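Undergrad: quick check, what structure comes out for this input:
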Amino acid sequence: MTVVRSVRSKRARGKLRNNKRIPLGKTGGVQLLLTQTIDPLGKQGDIVEVRPGYANNYLVPQGLAVVATDHHKRMVLKHRAKLAEIQKKRLAGLNTLAEEIRAKSVSIEAKAYAEGHLYGSVGPADIVKALRAEGIVLSPDQVRLSGPIKELALYTVKIYLGHGVESELKVWVVPTVSDK
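TA: The predicted model follows:
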């Protein structure tokens, strides 16, 4: 009994398996329409060109972007005013959060030597934890330290909230109170 196999080139097999190909742009990247603002790429509604792997593996599956078809481009033009209104509300919310952060100061207890040097250091995770106790939820990557905090003192820490909105927070690093 003879087995007959269809012989196809690797290229043909790839096209059959991957029939949902994304068209390439002018520079060899993929043109996508951003459904959400992504700081390094652009704002919601922008058409950007990225590498195919970044598009296929991250942006499209996460719902951050869609393929920039003529239909999607027309829909964005139609809803540009609505997108501007959403962006204005988001910026207003971020600005009020920035003012709320600017008005607060947090205290972080840390073990220290008698001279005031800390045993370890205070990092962004510690600052986020202290802010969470105050009712403000941030992620550690939003805290921008100029260097490690290794001494007992008052520090002014920059907080980046996104969309170009920054704030400053006063952080008191105090010695732990021991129950001796």
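Undergrad: what's the offset of stretch 132-142 from the middle of its chain?
TA: Averaging C-alpha positions (Cα atoms, centre = their mean, to the nearest Å) puts stretch 132-142 14 Å from its chain's average.
Undergrad: please apply the same query to stretch 29-40.
TA: The answer for stretch 29-40 is 13 Å, by Cα atoms, centre = their mean.
Undergrad: repeat that for stretch 120-140.
TA: Counting by Cα atoms, centre = their mean, stretch 120-140 comes out at 17 Å from the chain centroid.
Undergrad: what do you get for stretch 103-117?
TA: Remark: stretch 103-117 is offset 29 Å from the chain centroid, using Cα atoms, centre = their mean.
Undergrad: in it, what counts as buried?
TA: Using 16 or more other Cβ atoms under 10 Å as the test for burial, stretch 103-117 gives 106, 108, 110, 112. (C-beta placed from N, C-alpha, C; glycine too.)
Undergrad: and if you look at stretch 31-50?
TA: 31-35, 37-38, 41, 44-45, 48-50.
Undergrad: after the helix or strand of the chain with the lowest mean pLDDT, heading C-terminal, what element do we hit next?
TA: The weakest-scoring helix or strand in the chain, judged by mean pLDDT, DSSP states H and E, is helix 10-17 (a mean of 41). Next helix or strand after helix 10-17 toward the C-terminus (DSSP states H and E): strand 30-34.
Undergrad: and the next helix or strand past that following strand?
TA: Following strand 30-34 in sequence, per DSSP H and E, is strand 47-50.
Undergrad: sheet partners, orientation included, of that following strand?
TA: strand 30-34 (antiparallel) (DSSP bridges).
Undergrad: output the partner strand in PDB with nothing but the alpha carbons.
TA: Extracted in PDB, the C-alpha atoms of strand 30-34 (Å, rounded to 0.1, in the frame of the first residue of the first chain):
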ATOM      1  CA  VAL A  30       2.400  46.700  11.000                       C
ATOM      2  CA  GLN A  31       0.000  49.700  11.000                       C
ATOM      3  CA  LEU A  32      -2.200  49.600  14.100                       C
ATOM      4  CA  LEU A  33      -4.900  51.800  15.500                       C
ATOM      5  CA  LEU A  34      -4.400  52.300  19.300                       C
END
